[in-house]
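Chemist: sequence first, then the predicted structure, then my questions.
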Amino acid sequence: MKADEQSKLVLRGYRPGDWKPMHALDIVCFELPFRFGLREMRRLAEARGAICVLAERDEILSGFCIAHLEDQWAYLVTLDVAPEGRRLGLATRLMGDVEEQARAAGTSGMGLHVYNGNIAAIRFYERMGYDRVAMHEGFYGRGLDALVYRKKW
């Protein structure tokens, strides 16, 4: 990310009502069945044990990441980056912040599911140090399998 772009970008925690613009961005980022409904987005963002990091540029949502603390592991629920914010390091910053918070909470690592046809996301998670550990058939629906990744701290 260029220095002038970085200086405008702010990472922050979740605030009440953020689920509305988060849902709007999720619609831009994902097609059905990979995106969340409006109520589901609110439930995920406001869940007990949720780590929710938002990225804003000039007070406009550029991306967000939600993870949930589950026993000794964190689980990445979603990572959304607006099209104009892609390939600028924003996903890496969001994931790094969420991982740091998960570590600080005492987790042993983080797991995630990713659609086996989303090659860009698979490459990203592998670059971030995640290892493929399994495949979950039909995770996203009939014929839509997910790869399961984990990263230990």
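Modeler: Cool, got the structure.
Chemist: quick one, phi psi at the residue lying closest to residue 110 once chain neighbours are set aside?
Modeler: Distances taken as Cβ to Cβ, 6 or more residues apart in numbering put residue 74 closest to residue 110, at 4.2 Å, once the chain neighbours are dropped. Quick note: C-beta positions are derived from backbone N, CA and C, even for glycine. Dihedral angles of residue 74 (phi, psi; degrees, to the nearest 10) stand at phi -100, psi 150.
Chemist: which residues sit in contact with residue 74?
Modeler: Shown in contact with residue 74 (Cβ atoms under 8 Å, 6 or more residues apart in numbering): 51, 67-68, 98-99, 102, 105, 107, 109-111.
Chemist: again, only this time at 6 Å
Modeler: Residues in contact with residue 74, defined by Cβ atoms under 6 Å, 6 or more residues apart in numbering, are 67, 102, 107, 110.
Chemist: do residue 33 as well
Modeler: So residue 33 contacts 140-141 (Cβ under 6 Å, 6+ apart).
Chemist: tell me the secondary structure for it?
Modeler: Secondary structure, DSSP: H, G, I helix; E, B strand; the rest coil: residue 33 is coil.
Chemist: thinking again about what came up before, just the buried ones from the contacts of residue 74?
Modeler: 67, 102, 107, 110 (16 or more other Cβ atoms under 10 Å).
Chemist: how many other residues sit next to residue 27?
Modeler: 15 (other Cβ atoms under 10 Å).
Chemist: is it in a helix, a strand, or coil?
Modeler: Of the three states, residue 27 takes helix under three-state DSSP.
Chemist: ok, residue 61 next?
Modeler: What three-state DSSP gives for residue 61 is strand.
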